[in-house]
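Q: Provided below are the primary sequence and the corresponding predicted coordinates.
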Amino acid sequence: MAANPQKPAAATPRRKVSRHRGEGQWAAGHFTPLNGNEQFKKDDDGLNVRTRIETIYSKRGFDSIDPNDLRGRMRWWGLYTQRKPGIDGGKTAILEPEELDDEYFMLRVRIDGGRLTTRQLRVIGEISQEFARGTADITDRQNVQYHWIRIEDVPEIWNRLEAVGLSTTEACGDTPRVVLGSPVAGIAADEIIDGTPAIEAIQRRIIGNKDFSNLPRKFKSAISGSPLLDVAHEINDIAFVGVNHPEHGPGFDLWVGGGLSTNPKIGVRLGAWVPLDEVPDVYEGVISIFRDYGYRRLRTRARLKFLVADWGAEKFRQVLEDEYLRRKLVDGPAPAQPVERWRDHVGVHRQKDGRFYVGFAPRVGRVDGATLTKIAELAEAHGSGRVRTTVEQKMIVLDVEEARVQSLVEALEALDLTAKPSPFRRGTMACTGIEYCKLAIVETKARGASLIDELERRIPDFDEPITINLNGCPNACARIQVADIGLKGQLVLDDDGNQVEGYQVHLGGALGLEAGFGRKVRGLKVTSEELPDYVERVLKRFQEEREDGERFATWAARASEEALS
């Protein structure tokens, strides 16, 4: 390097000269892996690990698993090691992965569109009881998650799932994850368009295809033609939202670049209208852009949202049209404002064929295998062969004749699965938390369930839609930034100066066409023990101060810090 002409050469600091490697974008010719994750993906495609699981690891046991498979490639088949019991949240970021790893796995069953037959649900429940100690949580991405899975049992679990058309393929990893879909697609009376054929085409074309099995990071998708905007399209990497084009009729508005975690971003509209039969092509174009242009140098910047933020909507659309679709997209309208505040389909609703669907609310997505089996049996006993999961950790039974609706509602109630939940039962979600998750710092599921009980007892007259989301760490699996009350788990100090489990509070987040991340009150953190008192206090102030028809998020945006503390 030449010396600075303004100073003597001796004063110029020496530094190592290296060739600029950019962001690791393949389209720029940067194929050399820039971190360990990119290296193990280059060494062997994640999809290939299935053969080793079936022929080696399931026969020789946990200790035989290669570390790059254990903490990397096995995710391509829905497997994560779970947290070793007894490790407190203060050690989450301190211990090495092998110290946090238990010799059991979380296994995620992907349920694209939330679509299940009662036979499939029964098999999920049976696997839970036989292999997963009864665990079976419903996630906010319409999947089911098992815990306590032994590597020795994985091949048999796959056999049983695949025999009924289910899969764990690319349920985790740097892959195209489950495609969210409206749980009432094809049956809702107010539906704009049924996106099911597009979801099925994407499954056939993309999932398990090695052309798309090495992405910079995960790729989250959503397709819904419901006017309720019921798939959280704003926070997916790609989303197709049902709209009516004034000239071309029903189709989808295209969104890209949404996501939460520690750098949340609301997706952006590309202003393009996509007909149903072109959705798979456009999906493939967008995921190809992510594969080719996505940032691979730093994992913290490897999501599509960072590329979209840097490029902007106009350039992204141009690259999509010019380099991948080789044609122009049709300009189109934005979605209409939803007329209902709840988007979870809970309750009793008439289908377009005259029958009814019944949506019900487990507590924070926590069910078990025995309960899932009973739900399948109840649905069949009431004439239904189809159930659905939702992005709000809820479930729905479809196709119930009017004369059988009340009987089904009562039978579900007996299982503590109410179709008439309080706002607190209906609106509270929680991630896996420290019970099983290696990233978590605090408890979430049990805390969320107890919070529901406390609020129902303390504020029985509260009847406004409210969302309360609990997350065990900053990664926002439970969507804390877009909840009315978002609770991010961390260790805090109690009044005596002791370090205890607690939460940083986010207030006034929202999804919908007024989507936003709300606000944080400076220094506001609550201990787990104080949580019911805090939420009760804030909700009562909202009741006292709100204007007619005002939403919690709107009130929280204008309220004083004192009112929110």
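A: That came in fine, so what should we check first? Residues are numbered from 1 along each chain as shown.

Q: wait, doesn't Glu54 sit right on Pro155?
A: Yes: the pair Glu54 / Pro155 is scored as a contact, 4.9 Å apart, by Cβ atoms under 8 Å. Any C-beta I mention is one placed from the backbone N, CA and C, and that applies to glycine too.

Q: Grab the nearest non-local neighbour of Val49.
A: For Val49, ignoring the flanking residues on the chain, the nearest one in space by Cβ to Cβ, 6 or more residues apart in numbering is Arg73 at 4.0 Å.

Q: What is the neighbour count of that neighbour?
A: A count of nearby residues for Arg73, using other Cβ atoms under 10 Å, gives 24.

Q: who touches it in this structure?
A: Taking Cβ atoms under 8 Å, 6 or more residues apart in numbering as the definition of contact, the neighbours of Arg73 are 40, 44, 46, 48-49, 173.

Q: Give me the pLDDT for it.
A: Predicted confidence (pLDDT) at Arg73: the value is 98.

Q: Buried ones from the contacts of Arg73, can you make that a ChimeraX selection?
A: Applied in ChimeraX, the following selects the buried portion of the contacts of Arg73 according to 16 or more other Cβ atoms under 10 Å:
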select :40,46,49,173
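
Q: from the contacts of Arg73, which ones fall inside helices?
A: Judged by DSSP state H, the subset of the contacts of Arg73 located in helices is 40, 49.

Q: which one of the contacts of Arg73 is nearest Thr554?
A: Each of these was scored against Thr554 by Cβ to Cβ, and Gly173 proved nearest at 39.0 Å.

Q: Spatially nearest residue to that closest one, not counting backbone neighbours?
A: Leaving aside its chain neighbours, Gly173 sits nearest to Arg75 (3.7 Å; criterion: Cβ to Cβ, 6+ apart).

Q: So the one you found: helix, strand or coil?
A: Under DSSP: H, G, I helix; E, B strand; the rest coil, Arg75 falls in the helix class.

Q: in what helix or strand does the closest residue to Pro423 other than its chain neighbours lie?
A: Closest residue in space to Pro423, ignoring its immediate chain neighbours: Ile466 at 5.1 Å, by Cβ to Cβ, 6+ apart. In this structure, Ile466 is located outside every helix and strand according to DSSP states H and E.

Q: and Ile466, how many neighbours?
A: A count of neighbours around Ile466, defined by other Cβ under 10 Å, yields 23.

Q: Same list (the contacts of Arg73) but as JSON lines, adding pLDDT and distance to Gln145.
A: Output for the contacts of Arg73, formatted as JSON lines (pLDDT from 0 to 100; distance: Cβ to Cβ, whole Å):
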{"residue": "Phe40", "pLDDT": "96", "distance to Gln145": "24"}
{"residue": "Asp44", "pLDDT": "98", "distance to Gln145": "26"}
{"residue": "Gly46", "pLDDT": "98", "distance to Gln145": "19"}
{"residue": "Asn48", "pLDDT": "98", "distance to Gln145": "24"}
{"residue": "Val49", "pLDDT": "98", "distance to Gln145": "19"}
{"residue": "Gly173", "pLDDT": "97", "distance to Gln145": "15"}
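
Q: What is the nearest of the contacts of Arg73 to His147?
A: Closest to His147 out of the contacts of Arg73 is Gly173 (18.4 Å), distances taken as Cβ to Cβ.

Q: show me where pLDDT drops low in the stretch 201-350 of the chain?
A: Low-confidence regions of the stretch 201-350 of the chain, defined here as pLDDT under 70, do not occur.

Q: show me where it has helices.
A: Counting by DSSP state H, counting those that start in this stretch, residue ranges of the helices within the stretch 201-350 of the chain are 279-293, 304-311, 313-319.

Q: From Asp230, how far off is the spatially most central residue of the chain?
A: Closest residue to the average C-alpha location of the chain: Arg141 at 4.3 Å, with Cα atoms, centre = their mean. Between Arg141 and Asp230 the distance is 13 Å, computed by Cβ to Cβ, to the nearest Å.

Q: next one: Arg177
A: Arg177 is 18 Å from Asp230, where distance means Cβ to Cβ.

Q: on that earlier part again, you'd agree the residue nearest to Pro423 is up against Gly427?
A: Yes: with contacts counted by Cβ under 8 Å, Ile466 reaches Gly427, the gap being 4.9 Å.

Q: if you go through the stretch 401-550 of the chain in chain order, where are the helices?
A: Along the stretch 401-550 of the chain, the stretches classed as helices by DSSP H, counting those that start in this stretch are 405-414, 423-427, 445-458, 531-545.

Q: so which of those helices gets nearest Ala556?
A: Closest approach to Ala556 among the helices of the stretch 401-550 of the chain is made by helix 531-545 (7.7 Å; Cβ to Cβ).

Q: Report the angle between the closest one and helix 445-458.
A: Orientation of helix 531-545 against helix 445-458 (axes from the mean of the first three to the mean of the last three Cα atoms, to 10 degrees) gives an angle of 40 degrees.

Q: what ranges do the strands span in the stretch 301-450 of the chain?
A: In chain order, the stretch 301-450 of the chain shows strands spanning 330-331, 347-350, 356-360, 366-368, 386-389, 395-400, 428-430, with DSSP state E, counting those that start in this stretch as the criterion.

Q: Looking at these, spot the one closest to Pro474.
A: strand 428-430 (15.2 Å).

Q: Which elements pack onto the closest one?
A: If contacts are counted by 3 or more Cβ pairs under 8 Å, 6 or more residues apart in numbering; DSSP states H and E, strand 428-430 sits against helix 445-458, strand 468-471.

Q: deepest of these, which one?
A: Mean neighbour count, computed with mean count of other Cβ atoms under 10 Å, is highest for strand 468-471 among the helices and strands packed on strand 428-430, reaching a mean of 28.

Q: partners of that one, with directions?
A: The partner list of strand 468-471 in its sheet, established with DSSP bridges, is strand 428-430 (parallel), strand 485-493 (parallel).

Q: got the contact list for the first one?
A: Which is strand 428-430. With Cβ under 8 Å, 6+ apart as the test, strand 428-430 has contacts from 140, 363-365, 392-393, 444-445, 447-449, 451-452, 467-471, 478-479, 483.

Q: Let's see that with 7 Å instead.
A: Judged by Cβ atoms under 7 Å, 6 or more residues apart in numbering, the contacts made with strand 428-430 from elsewhere in the structure are 140, 364-365, 392-393, 444-445, 448, 451-452, 468-470, 478.

Q: got the buried residues for it?
A: Using 16+ other Cβ under 10 Å as the test for burial, strand 428-430 gives 428-430.

Q: out of Arg177 and Asp230, which sits in the busier spot?
A: With neighbours defined as other Cβ under 10 Å, Arg177 and Asp230 compare such that Asp230 has more, 29 against 23.

Q: who touches the closest residue to that one other than its chain neighbours in this structure?
A: What sits nearest to Asp230 in space, not counting adjacent residues and going by Cβ to Cβ, 6+ apart, is Arg343, at 4.5 Å. Arg343 is in contact with 228-230, counting by Cβ under 7 Å, 6+ apart.
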